[in-house]
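**Student:** Starting from these lines, generate the structure:
(chains A and B)
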Amino acid sequence: MRAIHIEDLTVAYEENPVLWDIDLDIYKGNITAIVGPNGAGKSTLLKAILDFVKPLSGRISIFDSSLKKNLDKIAYVPQRSNVNWDFPIKVFDVVLMGRYKEIGWFKKPSKIDKDIAFNALKEMGLEKYIDRQINELSGGQKQRVFIARALCQNAELLIMDEPLAGVDQYSEKIIMNKMKELQKQGKTIVCVHHDLNTLKDYFDRVVLINRYLVAHDTTENILNSNHLTKAYQEVGFDETAA
Amino acid sequence: MFEVLLVLVTCSMACGILGPFITLRKLSMITDALSHSVLLGIAVAFIFVKDLNSVLLLIGAACFGVLTVVFSEFLSNYKLVKKDDALGLVFPLFFSIAIIIITKYFKNVHLDIDMVLMGNPLFAPFMRVFNLPKSLVIMATLFLINLSFVLIFYKILKVSTFDEEFSKIQGINYQLIFYILIILTSITSVAAFDSVGAILVISFFISPSASAYLLTKDLKYTIILTLIIGAINTIIGTFIAYKYNISISGTISFISMINVLIAILFNKKGLIFKIIQKQKNKKQFSLDLILIHIYRHKEDPNELGISTIKNHLNWSKNKSDLFLIELLTKNMIYIDKKTSIYQLSELGKERIKELLKL
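**Tutor:** Alright, predicted model coming up:
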């Protein structure tokens, strides 16, 4: 079963091509890493899947249907720079946002919603910090807050952009253990990942991209092949245009 | 005077309720830009109505207020111009076009920003509807509209201001919300310019929310505090202005600024708090130092003797007595009667464990 189906996807910023003709199926119930050198288009691929950027060509379907119909089944954890850090909001409220859609935009959160949010924070080891302003946390803690928010959404498909970048080892363990647990519940997880050393420990499948799709296979097969060197050496199209 | 005060307070609340969202979106200078760019709206409306007292002038002004933002958003979305630069480019453009129109076609008409927009709160009671000051009715209506907008769309406003991408995935039309916010800001500003004058409006929008922002880390309380602080500033400012017979708008703006300064000083991360914290840390450090000293030299009659300990620390008698007495009253140390030396109590040992993480 495929969670994400991508066909002939090309994405460009202005006139600079970032992704060329990607054909890719991401399977349900797997933890998939998207790997590639800087400027390979990893984040862009996620953004195309989430319709943040409009593709020049191609089709993307999610759970064999459109993105719009599946919005409530998707949770996204962005790279950390994208939110308004100075916003007067406490850690607990950030996580509670993950419940907003289910609560309804014009209703108050119930005790149950608050419990769900608190449990998610607890699972991420952050229950001590619920009253902190979001910017008063360390980098790894911030990342865990957003993962806790995603957990609250109870999504089928979890898309994360470098969840482990700049995260301390303690946070990394917490995050990846939770991912494994979610996988057991049948959820699908897709992460942009940069650390090749930890691929084997954390991921079932690897998607290697460098402007175009280099390979997509099980982690073992990828590590045993020469695809990695290929992805990191061969330049997709125009190196300077990134 | 009561009516003047009422107009001013209502005005501060109508602006203040939107203020936090404007400042959090880093659009603080938008009201300043609006105060100039709306002249184009007035000039264009005047071409059609040829009447300086027409309401259409205000409506034209509000429309061009919105256009100012639409244009600068359009420019900055192109990524070639930064957001605040874009605003700084668009409003002089609109203003200058307005000046050109006015100097070319309406040289003999007394048409300028002052005519339409530089309201003075003192004159508010003279224009009346339903036996109430006209500006009070208008501003109260706008306050209610803005209030219901914020109450109804509170969660959507919160999410889209905090995290745009997340709101996209949640299926929120965040651009629509943004433009409604801007339209309300524009209309409220223009009406408030007309009632109390431009500088005061800018101050109403920004400074109470800046103060509130420094005092709380929760959006709900930021908004409530903004309203309260805005009202208090206005009341204090008005009374002072009446007492000394000086400009009301000027005094309120001044008081608001003082208020922000106070919030900066007394804020948790502010100057005063930092100084207090430093003193506290210094004291705590001295106490810990003595504990560690006693811990390290367990039962050494020389190092820990009641009268000799100060020599080993190389502290004055006053200083060592001060901290030793504090530790004694806190029950962290005690004096061993037999040997006349200081000893750690259970509490003191706990603290050592904490310090050395044993």
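
**Student:** What about the residue of the stretch 101-250 of chain B found nearest chain A, how many residues nearby?
**Tutor:** Closest residue of the stretch 101-250 of chain B to chain A, CB to the nearest CB: residue B:217 (3.9 Å). C-beta coordinates here come from the backbone N, C-alpha and C atoms, glycine included. Residues within reach of residue B:217, counting by other CB atoms under 10 Å in any protein chain shown, total 21.

**Student:** Does it fall in a helix, a strand, or a coil region?
**Tutor:** coil (DSSP: H, G, I helix; E, B strand; the rest coil).

**Student:** correct me, but it touches residue A:88?
**Tutor:** Yes: the pair residue B:217 / residue A:88 is scored as a contact, 5.0 Å apart, by CB atoms under 8 Å.

**Student:** Residue nearest the middle of the chain, spatially speaking?
**Tutor:** Chain wasn't specified; assuming chain A. With distances taken as CA atoms, centre = their mean, chain A has residue A:160 as the residue nearest its mean C-alpha position (1.3 Å).

**Student:** look at chain B instead
**Tutor:** Closest-to-mean residue, chain B, CA atoms, centre = their mean: residue B:210 / 0.9 Å.

**Student:** Might you enumerate the residues of chain A proximal to chain B?
**Tutor:** A:50-52, A:68, A:71-72, A:74-76, A:78, A:82-84, A:86-90, A:93-94, A:97, A:100-101, A:105-106, A:132-133, A:149 (CB under 8 Å from any CB of the partner chain).

**Student:** Pull out the buried residues from these.
**Tutor:** Buried members of the residues of chain A next to chain B, scored by 16 or more other CB atoms under 10 Å in any protein chain shown, are A:50-52, A:71, A:74-76, A:78, A:83-84, A:87-90, A:93-94, A:97, A:100-101, A:132-133, A:149.

**Student:** Keep only those of the residues you listed that are in helices.
**Tutor:** A:93, A:94, A:100, A:101, A:149 (DSSP state H).

**Student:** Can you pull out the low-pLDDT segments for chain A?
**Tutor:** Scanning chain A with the threshold set as pLDDT under 70 gives A:80-81, A:234-242.

**Student:** So what's the predicted local confidence for residue B:213?
**Tutor:** pLDDT recorded at residue B:213 is 87.

**Student:** Please name every helix or strand in contact with the strand or helix carrying it.
**Tutor:** According to DSSP states H and E, residue B:213 maps onto helix B:198-215. Helix B:198-215 sits against helix B:2-16, helix B:19-24, helix B:30-49, helix B:174-196, helix B:219-244, helix B:248-266, with contacts defined as 3 or more CB pairs under 8 Å, 6 or more residues apart in numbering or on different chains; DSSP states H and E.

**Student:** Just put those helices in a markdown table and tack on distance to residue A:140, mean neighbour count and mean pLDDT.
**Tutor:** Shown next, in a markdown table, are the helices and strands packed on helix B:198-215 (distance: least, CB to CB, whole Å; neighbours: other CB atoms under 10 Å in any protein chain shown; pLDDT from 0 to 100):
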| stretch | distance to residue A:140 | mean neighbour count | mean pLDDT |
| --- | --- | --- | --- |
| helix B:2-16 | 37 | 25 | 87 |
| helix B:19-24 | 25 | 24 | 89 |
| helix B:30-49 | 36 | 23 | 83 |
| helix B:174-196 | 28 | 22 | 85 |
| helix B:219-244 | 25 | 20 | 90 |
| helix B:248-266 | 31 | 19 | 87 |
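
**Student:** residues in contact with the residue nearest to the centre of chain A?
**Tutor:** A:76, A:77, A:147, A:150, A:189, A:190, A:191, A:192 (CB atoms under 8 Å, 6 or more residues apart in numbering or on different chains).

**Student:** cool, residue B:167 as well?
**Tutor:** Counting by CB under 8 Å, 6+ apart, residue B:167 has contacts B:156, B:159, B:160, B:174.

**Student:** now residue A:204
**Tutor:** A:30, A:31, A:32, A:183, A:218, A:219.

**Student:** Just the buried ones from these?
**Tutor:** Judged by 16+ other CB under 10 Å, buried ones among the contacts of residue A:204: A:30, A:31, A:32, A:183, A:219.

**Student:** could you dump these to JSON lines with secondary structure and distance to residue B:51?
**Tutor:** Putting the buried ones among the contacts of residue A:204 into JSON lines (DSSP: H, G, I helix; E, B strand; the rest coil; distance: CB to CB, whole Å) gives the following:
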{"residue": "A:30", "secondary structure": "coil", "distance to residue B:51": "71"}
{"residue": "A:31", "secondary structure": "strand", "distance to residue B:51": "70"}
{"residue": "A:32", "secondary structure": "strand", "distance to residue B:51": "68"}
{"residue": "A:183", "secondary structure": "helix", "distance to residue B:51": "71"}
{"residue": "A:219", "secondary structure": "helix", "distance to residue B:51": "76"}
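
**Student:** Show me which of those residues is closest to chain B.
**Tutor:** Out of the buried ones among the contacts of residue A:204, the member with the shortest distance to chain B (by CB to the nearest CB) is residue A:32, at 18.9 Å.

**Student:** so who does the closest one touch?
**Tutor:** Contacts of residue A:32 by CB under 8 Å, 6+ apart are A:26, A:188, A:189, A:190, A:191, A:203, A:204, A:205, A:206, A:207.

**Student:** Tell me the residues that contact both of residue B:217 and residue A:88, please.
**Tutor:** By CB under 8 Å, 6+ apart, the residues touching both residue B:217 and residue A:88 are residue A:133.

**Student:** ok so, going back, now the residue nearest to the centre of chain A: how far from chain B?
**Tutor:** Using CB to the nearest CB, to the nearest Å, residue A:160 is found at 13 Å from chain B.

**Student:** Now the strand or helix carrying that residue: buried residues?
**Tutor:** In this assignment (DSSP H and E), residue A:160 forms part of strand A:157-161. Judged by neighbour count (16+ other CB under 10 Å), strand A:157-161 contains these buried residues: A:157, A:158, A:159, A:160, A:161.

**Student:** I'd like the distance from it to the chain centre, please.
**Tutor:** 3 Å (CA atoms, centre = their mean, to the nearest Å).

**Student:** interface residues of chain B facing chain A?
**Tutor:** B:20, B:24, B:152-153, B:155-156, B:158-159, B:161-166, B:168-172, B:213, B:216-219, B:221-222.
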